[in-house]
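my questions concern the predicted model and sequence given below.
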Amino acid sequence: MQNRLSALLDRYGPPLLGGVVILAVWQFVPTLFGVSKLLLPTPSSVIGSLWLLFDRGLLVENFVITLVEALVGFAAGSVSAIFIAFLVTRSLLVERMLMPYLVGFQALPKVALAPLIVVWVGIGVESKILIAAIISFFPVLINAIVGFSTVETEKLDLMRSLAASRWQQFRIVIFPNSLPFIFAGLNVGIVLSITGALVGEFIGADRGLGNLLLQLNLNMDISGMFAVLLVLAVLGIILYGLVRFLHVHFVFWAKPDIRSGSN
C-alpha cells in the first residue's frame, strides 16, 4: 500500500504541485502589479464564470458537440492515414503516385482550407468533423509510414522462410512493429483534432465551444472566455492521457518512457 501511494505521488505529485504554483501566481501576481481583471481575470472569477455557464446550460451541450466533432474527425483521419500509409509502403507504384500530392497537400495551411470546407459542406457538424480529420491526418500518416518502413529485415526473412503469406507478415510482424510509431502520431493527432473542430466552429457554426467563445468575445466576457479555454485545456489533457493509456496497455513491449515524456 505504501509503495503504491509512493508511486502515485511520484507520478502525479509534480504535475499537481506545478498546477498549484501556477494558480497561486495567477491569483496574486496580477493584483500585485495592478493588472485589470478585464484583461486577466483571477482563477476565482474564472471558476465563477465556469459555474455560471454550466448553470445556464451553455457549457455541457456545446462541450458534447465539440467533443463529438473532434473524436469522429480524429477517428476518420487516423484510420484514413493508417490505410494510406499501408498502401504507400506496400507498393512502390502507389508511393510514386501519391507521395508528391500528399506532400503538397501537407504544405497547405489547413486553417486556410477551413473556410472552403465550410462553404462546400455547410455549417453543420460535418464540416467540423472533416476539418478535424484533415488536421489530425498528417501526424498519423507520417508516423505510420515510418513504422511500416522500419521493420527489421531479419524478422521478414524469418517469416518468408516459414512460408508466411504477405497478410501474415503484415499481421504478425509489420503492424505490431509499427504500433509505437502510430501511437506517437495519435498522441499528436488527438490534440490537433480539437483545434480542427474549433477552427471550423470559429468560421461558421451555431453550436460548439468555438461558437460559445465567439459569443463571449462579442460580449467582452473575458472570464467566460478563460473558463471555456480551461475546459478545452482539460479536454486536451484527458484525451491525450487516454491515448497514452492505450499506448501503454496495447504496446506493452515498447512502453513510452513516462519520466522523459518520450513516446
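Structure received.

what's the domain layout of this protein?
1-35, 42-259 (automatic domain parsing).

buried stuff in the first one?
So that's domain 1-35. 26, 30 (16 or more other Cβ atoms under 10 Å). Placement of C-beta: from N, CA and C, glycine included.

mean confidence for that domain?
On average, the pLDDT along domain 1-35 is 74.

can you check the longest one too?
Confidence over domain 42-259 (mean pLDDT, whole number) is 87.

how about the strands in the stretch 101-250 of the chain?
Taking DSSP state E, counting those that start in this stretch, the stretch 101-250 of the chain contains no strands at all.

just the helices from it, written as ranges.
110-121, 125-149, 153-161, 166-169, 175-203, 209-218, 222-250 (DSSP state H, counting those that start in this stretch).

quick one: Leu23 and Pro43 touch, right?
Yes - using Cβ atoms under 8 Å, Leu23 is in contact with Pro43, at 5.3 Å.

tell me the spacing between Ser36 and Val79.
48 Å (Cβ to Cβ, to the nearest Å).

same drill for the two, tell me which one is more crowded.
Val79 (13 against 9; other Cβ atoms under 10 Å).

name the element that one belongs to?
Val79 is part of helix 59-90 when elements are defined by DSSP states H and E.

in that helix, what's buried?
Residues of helix 59-90 classed as buried: 59, 62-63, 65-67, 69-78, 80-82, 84-86, 88-89 (neighbour count, 16+ other Cβ under 10 Å).

what do you get for stretch 143-162?
By neighbour count on 16+ other Cβ under 10 Å, the buried set for stretch 143-162 is 143-148, 151, 159.

quick check: end-to-end length of it?
End-to-end distance for stretch 143-162: 29 Å, by Cα to Cα, to the nearest Å.

tell me the SS of Leu40?
Secondary structure of Leu40, reduced to three states by DSSP: H, G, I helix; E, B strand; the rest coil: coil.

give me the number of neighbouring residues for it.
Neighbour number of Leu40 under other Cβ under 10 Å is 16.

OK, contacts around the closest residue in space to it that isn't next to it in sequence?
Nearest non-adjacent residue to Leu40, counting by Cβ to Cβ, 6 or more residues apart in numbering: Pro30, 4.9 Å away. By Cβ atoms under 8 Å, 6 or more residues apart in numbering, the residues touching Pro30 are 37, 40, 42.

among these, which one lies nearest to Lys155?
Lys155 lies nearest to Leu40 out of the contacts of Pro30, by Cβ to Cβ, at 55.7 Å.

I'd say Val140 and Gly73 touch.
No - in this structure, Val140 is not within contact of Gly73 by Cβ under 8 Å, at 12.0 Å.

that older thread, between the buried residues of stretch 143-162, which is closest to Phe54?
The closest of the buried residues of stretch 143-162, once distances to Phe54 are taken by Cβ to Cβ, is Asn143, at 37.2 Å.

ok, the closest one touching Gly185?
Yes - counting by Cβ under 8 Å, Asn143 touches Gly185, with 3.3 Å between them.

thinking again about what came up before, list the helices and strands the helix holding Val79 packs on?
Counting contacts by 3 or more Cβ pairs under 8 Å, 6 or more residues apart in numbering; DSSP states H and E, helix 59-90 packs against helix 43-55, helix 92-107, helix 125-149, helix 175-203, helix 209-218, helix 222-250.
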